[in-house]
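**Q** Structure of the sequence below:
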Amino acid sequence: MSGFEATSKMFTKTVATLLTFGFFLGRFPVMGGQPFSSLLGQQARASSNDLTLYNNSGGVFAKILPHVRKGEIAAAGAVQISVTIDFFIARIRGIETFKKGPAVLSIDKFSDPPREQNLRKLELGKKELDSLAGCRPGRCPLKLSSEMMNRLPRTAATLGPGPKLESEFRAALLNYVSSYVEKGAPAMMTYCDTDPPVQTGREFLAVLGQFVWLEKYAPLLFEALRDPRAARPEIDDFLYWSKESFGLKPVVSVTHVLIFKTMVGGKQWAFIEIGRAHV
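**A** Below is the predicted model:
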């Protein structure tokens, strides 16, 4: 199995991340009459030397791409791994055991519908609780909505920055996830930690608009990313949260994973989309 990944995200504001994984069986399939090597060349700026190394030696291809918008960073890569598509998809579905490493502090999947017990493993440290207690719109080290910034400091002032505040944060996060499940991108958080605020839903759709090749080869999946509310039996999806350490401080993320299997150019393909919002 080989895979192609394209990533685009707003880096300076950390507002939205979209990762596209396309997996196929065999070597360099044809996508709608276009060889996969041409796709890598056109969409990932792969040189002839990159393609030769990738195809002949099974090496890993990775490249930073020119950014389209200010504050954005984009990358693309491809790798060959000796497993079947179904095996890899099964591991992705078990994300809470698949995604492991020193940087992953805690992780769990949301049920459908999301429930309070899904967040029972999420714990906040003293510095994080102190940050929540002191958050104000336009002045906050965390990326929160104005509603959260009003709700959480009020709880801290009344009950203190301890277990009660941690419980209130979980409740606020659950409300956010439930709203996203019901309303889709329009319910994505507007970060109010800076002035002006950042509308993550609008930023996410702007990033998605750059994935023209995905709209061409997997239109069902593309539409599902634009509006995840409609039921699409061809697409398997789930939400999970994670708390990860990226060096400076832990980051809590909510991630939406969509999995779509299809036939492209006579080859079996699986597209795995990952959309993420950070706190």
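**Q** CA only for contacts and neighbour counts going forward, please
**A** Fine.
**Q** quick one: contacts of stretch 103-123?
**A** For stretch 103-123, the surrounding residues in contact (C-alpha atoms under 8 Å, 6 or more residues apart in numbering) are 95-96, 166, 170-171, 174, 177-178, 238-246.
**Q** Among those, which ones are in strands?
**A** Those of the contacts of stretch 103-123 mapping onto strands are 238-245, per DSSP state E.
**Q** Put the buried members of these into a PyMOL selection.
**A** The PyMOL selection below is limited to those of the ones in strands among the contacts of stretch 103-123 classed as buried (16 or more other C-alpha atoms under 10 Å):
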select buried, resi 239+240+241+242+243+244
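**Q** Looking at the ones in strands among the contacts of stretch 103-123, which gets the smallest pLDDT?
**A** The member of the ones in strands among the contacts of stretch 103-123 with the lowest pLDDT is Ser245, at 89.
**Q** Excluding residues flanking it in the chain, which one is nearest that residue?
**A** Ala103 (4.9 Å; C-alpha to C-alpha, 6 or more residues apart in numbering).
**Q** From Glu244, how far out is that neighbour?
**A** To Glu244, Ala103 is 5 Å away according to C-alpha to C-alpha, to the nearest Å.
**Q** can you check Met188 too?
**A** With C-alpha to C-alpha as the criterion, Met188 and Glu244 are 20 Å apart.
**Q** Kindly report the same for Met189.
**A** Taken as C-alpha to C-alpha, the span from Met189 to Glu244 is 20 Å.
**Q** how about the helices in the stretch 151-279 of the chain?
**A** Per DSSP state H, counting those that start in this stretch, the stretch 151-279 of the chain carries helices over the ranges 163-183, 200-208, 212-217, 219-226.
**Q** So for Leu152, which of those sits nearest?
**A** Leu152 sits nearest to helix 163-183 of all the helices of the stretch 151-279 of the chain, at 6.8 Å, using C-alpha to C-alpha.
**Q** other SSEs contacting that closest one?
**A** Using 3 or more C-alpha pairs under 8 Å, 6 or more residues apart in numbering; DSSP states H and E as the contact test, the elements touching helix 163-183 are helix 146-159.
**Q** Distance from the helix it packs on to the middle of the chain?
**A** What separates the centre of helix 146-159 from the centre of its chain is 27 Å, taken as C-alpha atoms, centre = their mean, to the nearest Å.
**Q** Who are the packing partners of that helix?
**A** Using 3+ C-alpha pairs under 8 Å, 6+ apart: helix 146-159 touches helix 126-134, helix 163-183.
**Q** can I get those in JSON lines with distance to Asp195 and mean pLDDT?
**A** Converted to JSON lines, the helices and strands packed on helix 146-159 look like this (distance: least, C-alpha to C-alpha, whole Å; pLDDT from 0 to 100):
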{"stretch": "helix 126-134", "distance to Asp195": "17", "mean pLDDT": "91"}
{"stretch": "helix 163-183", "distance to Asp195": "21", "mean pLDDT": "93"}
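**Q** Serialize the ones you listed to JSON lines and add fields for mean neighbour count and distance to Leu40.
**A** Shown next, in JSON lines, are the helices and strands packed on helix 146-159 (neighbours: other C-alpha atoms under 10 Å; distance: least, C-alpha to C-alpha, whole Å):
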{"stretch": "helix 126-134", "mean neighbour count": "18", "distance to Leu40": "42"}
{"stretch": "helix 163-183", "mean neighbour count": "18", "distance to Leu40": "33"}
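**Q** what about those helices, which gets the closest to Ser37?
**A** That would be helix 163-183 among these, by C-alpha to C-alpha, at 36.9 Å.
**Q** How about exporting the closest one as PDB, limited to the C-alpha atoms?
**A** Taking C-alpha atoms only, helix 163-183 is exported to PDB below (Å, rounded to 0.1, in the frame of the first residue of the first chain):
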ATOM      1  CA  PRO A 163     -11.600  20.200  40.200                       C
ATOM      2  CA  LYS A 164     -14.900  22.200  39.700                       C
ATOM      3  CA  LEU A 165     -13.300  24.400  37.100                       C
ATOM      4  CA  GLU A 166     -11.900  21.300  35.300                       C
ATOM      5  CA  SER A 167     -15.300  19.800  35.300                       C
ATOM      6  CA  GLU A 168     -16.800  23.000  33.900                       C
ATOM      7  CA  PHE A 169     -14.200  23.000  31.100                       C
ATOM      8  CA  ARG A 170     -15.200  19.400  30.200                       C
ATOM      9  CA  ALA A 171     -18.800  20.500  30.100                       C
ATOM     10  CA  ALA A 172     -18.000  23.500  27.900                       C
ATOM     11  CA  LEU A 173     -16.000  21.300  25.500                       C
ATOM     12  CA  LEU A 174     -18.800  18.800  25.300                       C
ATOM     13  CA  ASN A 175     -21.300  21.500  24.500                       C
ATOM     14  CA  TYR A 176     -19.000  22.700  21.700                       C
ATOM     15  CA  VAL A 177     -18.600  19.200  20.200                       C
ATOM     16  CA  SER A 178     -22.400  18.600  20.400                       C
ATOM     17  CA  SER A 179     -23.100  21.800  18.600                       C
ATOM     18  CA  TYR A 180     -20.600  20.900  15.900                       C
ATOM     19  CA  VAL A 181     -22.200  17.600  15.400                       C
ATOM     20  CA  GLU A 182     -25.600  19.300  15.000                       C
ATOM     21  CA  LYS A 183     -24.600  22.300  12.900                       C
END
